[in-house]
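Q: Sharing a sequence plus its predicted fold:
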Amino acid sequence: MNRTIILGAGPAGLTAGYEALKRGLEPLIYEQDIQVGGISKTVNFRGHLFDVGGHRFFTKYGQIRAIWDELLGPEFLVRPRLSRIHYRNRYFDYPLKPLNALANLGLGESALVILSYIAERLKPPRNIVTFEDWVSRQFGRRLFNIFFKTYTEKVWGISCRQLQADWAAQRIKSLSLPKAILDSFGLLKADHVTSLIDRFSYPRRGPGQMWDKARMVIEAGGGRVELGARAVRLNHGRGRVSSVVIQSSGSLTEARGDHYISSLPLKDLLLSLDPLPPDQVVQAALKLRYRDFITVGVILRKADIFPDNWIYVHSPDVRVGRIQNFKNWSPDMVPEQGYTSLGLEYFCFDDDALWKSSNRDLIALAAAELARLGLAGPEQVVDATVIKSPKAYPIYDGSYKRAVGTIRDYLTTFTNLQTIGRNGLHRYNNQDHSMLTAIAAI
């Protein structure tokens, strides 16, 4: 039996293990966390379930839907999507709807938004390079400044003039102001624009339920999933990886396989190769940047706060970027309906003061910002926990594309090493896309 060593037990790594079993391979998965799922895990704190981010299960790929149904089947719920923008103490529908925006912005501001869009479209086409260019072209510069600039810079920690248009084209895709208007009057099929999808599947007890089940199936089929096991070195020669050195419980062990699949961040993978790649490849790896992610999970003694699955917080006077309301994803995410579990999401770099803050200080910040936003008072906070996710988002800055190209060219020289998933490709993949890369690799 061919042994396939898989680094990382997120959606990509576990899908690779699941598919390997179907093809008679022996998967051996190493995960440095103590829980599977990556940023699709679900954390249980005092019976309250916290999704790291919030993960809609929606796909256009039948083979992905088939895997979801094989693993969970009736445990899937079909949920309505409601997400809005919190701005100037008002809620704006997202995707934007003109009547709602008109009521909130006022007639004068709304007229200026339309005029700004028309002015942008009347300009000669230009080379669209940055996020600011792309959104301004699709929505007008005034709407960009109101609804996109502050939130996007919170998320990425860089100027919208540094963030590349690739990210907008991939995430917002074909949505534009005219399409948002057509959609609001029921004149556009939502399934033609992913951003407009208004219903999605969701596991009854969060996405971690899916990946816990995948682990169980893999181990029941003869595969292995080892947690708390970090790959520190990949030994290679003559275009082949020969072994991987794993650090676990303070000791090092060496594992050998026939095939190697990595969902590690590309930077980490390249710097763990022994011998190191050529200098230009190492320099390319060092140029890759990542945004780190903190979820402060707060339990509130308050039954109803807002009806959304999540809200985007565009106000510049608070640091929180997005707030998840988990029982609006599934009622089973909270043990008692008289309580609410919120996930306040903070985006930072791992050398920021925010990332280095104590859990106590982060919880105090979250409680203060909930009060400032008028969502809950400090007396309603029952308890809270902090979940840190390093390298959650690969950054699309001005140097990433060339760096990834250099790394990809080098990795094609290996005959038994493939990279998969969001960080393995340095691509802001959805969960189903990460799974597709794993199927292709197997």
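A: Ah, there it is. Numbering: from 1, shown residues only.

Q: Point out the other helices and strands that the longest strand along the chain packs with.
A: Taking DSSP state E as the criterion, the chain has its longest strand at strand 381-394. Helices and strands touching strand 381-394, by 3 or more C-beta pairs under 8 Å, 6 or more residues apart in numbering; DSSP states H and E, are strand 42-45, strand 290-300, helix 359-372, helix 421-425. For the C-beta atoms, the positions are set from N, CA and C on the backbone; glycine is no exception.

Q: Given it, what are its sheet partners and their directions?
A: Applying DSSP bridges, strand 381-394 is found paired with strand 290-300 (antiparallel).

Q: I'd like the average pLDDT over the strand it pairs with.
A: The average pLDDT for strand 290-300 rounds to 98.

Q: Contacts only, for R81.
A: Neighbouring residues of R81 by C-beta atoms under 8 Å, 6 or more residues apart in numbering: R56, I197, D198, R199, F200, N309.

Q: got the contact list for the first one?
A: What it means is R56. R81, I197, F200, S201, Y202.

Q: so how far is R199 from the nearest residue to the fourth one once chain neighbours are set aside?
A: Nearest-residue entry for S201: F57, 4.0 Å, with adjacent residues in sequence omitted and distances by C-beta to C-beta, 6 or more residues apart in numbering. Separation of F57 from R199 (C-beta to C-beta, to the nearest Å): 11 Å.

Q: Looking at those two, which one has more neighbours?
A: Taking neighbours as other C-beta atoms under 10 Å, F57 and R199 compare with F57 leading, 22 against 12.

Q: ok so, going back, list the buried residues for the longest strand of the chain?
A: For strand 381-394, a neighbour-count test (16 or more other C-beta atoms under 10 Å) marks V381, A384, T385, V386, I387, K388, S389, K391, A392, Y393, P394 as buried.

Q: and the angle from that strand to helix 359-372?
A: 100 degrees (axes from the mean of the first three to the mean of the last three C-alpha atoms, to 10 degrees).

Q: ok now strand 381-394, how far from the chain's centre?
A: What separates the centre of strand 381-394 from the centre of its chain is 13 Å, taken as C-alpha atoms, centre = their mean, to the nearest Å.

Q: Just the residues contacting the helix or strand just after it, thanks.
A: The element immediately downstream of strand 381-394 (helix or strand, assigned by DSSP states H and E) is helix 400-411. Outside helix 400-411, the residues that touch it by C-beta under 8 Å, 6+ apart are 164, 166, 266, 270, 277-278, 280-281, 284-285, 287-289, 394, 417, 419, 425-426.

Q: Where does pLDDT dip in the protein?
A: Where the chain drops to pLDDT under 70, the residues are 1, 98, 125, 171-197.

Q: In it, which helix is the longest?
A: Assignment by DSSP state H gives helix 107-122 as the longest helix of the chain.

Q: just to revisit the earlier point, would you turn the contacts of R56 into a markdown table with secondary structure?
A: A markdown table is the format used below for these (DSSP: H, G, I helix; E, B strand; the rest coil):
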| residue | secondary structure |
| --- | --- |
| R81 | coil |
| I197 | coil |
| F200 | strand |
| S201 | strand |
| Y202 | strand |
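
Q: List buried residues within those.
A: For the contacts of R56, a burial check counting by 16+ other C-beta under 10 Å picks out R81, F200, S201, Y202.

Q: May I see those organised as CSV, with distance to P27 added?
A: Shown next, in CSV, are these (distance: C-beta to C-beta, whole Å):
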residue, distance to P27
R81, 34
F200, 29
S201, 26
Y202, 27
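
Q: for these, which one is nearest G257?
A: The shortest gap between G257 and any of those belongs to S201, at 34.0 Å (C-beta to C-beta).

Q: Quick check: beta-bridge partners of the closest one?
A: Beta-bridge partners of S201, as defined by DSSP bridges: F57, V78.

Q: pretty sure it contacts L77?
A: Yes: counting by C-beta atoms under 8 Å, L77 is a contact partner of S201 at 7.0 Å.

Q: how near is the residue nearest to P335 when sequence neighbours are not counted to D332?
A: Spatial nearest neighbour of P335, excluding adjacent residues (C-beta to C-beta, 6+ apart): G47 at 4.0 Å. Distance, G47 to D332, by C-beta to C-beta: 11 Å.

Q: More neighbours: which of the two?
A: Using other C-beta under 10 Å, the more surrounded residue of G47 and D332 is D332, with 16 against 12.

Q: Run a quick check on S263 versus R427, I expect a contact.
A: No: between S263 and R427 there is no contact under C-beta under 8 Å: 11.7 Å.

Q: more crowded one of these two?
A: S263 (31 against 18).

Q: so who does the more buried one touch?
A: S263 touches 6-8, 10, 12-13, 16, 38, 419-424, 434, 438, counting by C-beta under 8 Å, 6+ apart.

Q: Can you give me the distance of it to A364?
A: S263 is 35 Å from A364, by C-beta to C-beta.

Q: cool, and R137?
A: From R137 across to A364, the span is 41 Å (C-beta to C-beta).

Q: who's more crowded, the two?
A: Set R137 next to A364 and count neighbours by other C-beta under 10 Å: R137 wins out with 20 against 16.

Q: From what I see, the more buried one and I128 are in contact.
A: Yes: using C-beta under 8 Å, R137 is in contact with I128, at 6.1 Å.

Q: so what's in contact with those two at the same time?
A: Both R137 and I128 lack any common contact, where contact means C-beta under 8 Å, 6+ apart.

Q: With only the CA atoms kept, save stretch 305-314 in CSV.
A: Extracted in CSV, the C-alpha atoms of stretch 305-314 (Å, rounded to 0.1, in the frame of the first residue of the first chain):
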residue,chain,number,x,y,z
ILE,A,305,-29.3,40.8,19.7
PHE,A,306,-29.6,41.0,15.9
PRO,A,307,-31.2,38.6,13.4
ASP,A,308,-28.2,38.3,11.0
ASN,A,309,-25.8,35.4,10.7
TRP,A,310,-23.1,38.0,10.8
ILE,A,311,-22.6,41.7,10.5
TYR,A,312,-19.8,43.7,9.0
VAL,A,313,-18.6,46.5,11.3
HIS,A,314,-17.4,49.4,9.1
